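Student: Sharing a model that was predicted from the sequence below.
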Amino acid sequence: AALTVRFLTRRFIGEYGDMEFIYSHNLTVDGREILFHIWDVPNSQVREDGSSEEKRIQWADSFVLVYSICDRASFNILPLKIQFIKAAKEGQSQEKVPIVIVGNKRDLHHQRVVSSEEGRLLALSLDCGFYEVSAAE
């Protein structure tokens, strides 16, 4: 949620509840106006029954999966999530679904438990984009 709010408002708010939200946002990219609809789902809510997650996947055109570089568990669940997304989206068409893996909390390097190299290698092995960022910075 912090990363989404930072993207939308350019402000950092450190603490969020455990709620999901859908945000709409206009942005000009390469001279074109683009309307984003962002369905921000906390990790705790993804553990529901598969039909809720399937509905979110069918709704979306692309995916940004965020993990904390300070939380190994949030990183370790990514391969399964990406396989689930690809099976649901790419099974319907021949188009590659855009997926980006984002390691957040780069500013907390002293608490890092997942290396940048691990993130890059995972993204490469799963044919995803990769970035490391800090919502706080």
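Tutor: Nice, I can see it.
Student: packing partners for the top helix by length along the chain?
Tutor: Selection of the longest helix in the chain by residue count, based on DSSP state H, yields helix 78-90. With contacts defined as 3 or more CB pairs under 8 Å, 6 or more residues apart in numbering; DSSP states H and E, the packing partners of helix 78-90 are helix 50-59, strand 63-68, strand 99-104. From N, CA and C alone the C-beta is placed, and that goes for glycine too.
Student: For residue 123, which of these is the nearest?
Tutor: Among the helices and strands packed on helix 78-90, strand 99-104 comes nearest to residue 123, with 4.7 Å by CB to CB.
Student: following the closest one, which helix or strand comes up?
Tutor: Downstream of strand 99-104, the first helix or strand assigned by DSSP states H and E is helix 116-125.
Student: Just after that following helix, pick out the following helix or strand.
Tutor: Scanning onward from helix 116-125 (DSSP H and E), the first element met is strand 129-132.
Student: Okay, buried residues for that next one please.
Tutor: Within strand 129-132, the residues scored as buried using 16 or more other CB atoms under 10 Å are 130, 132.
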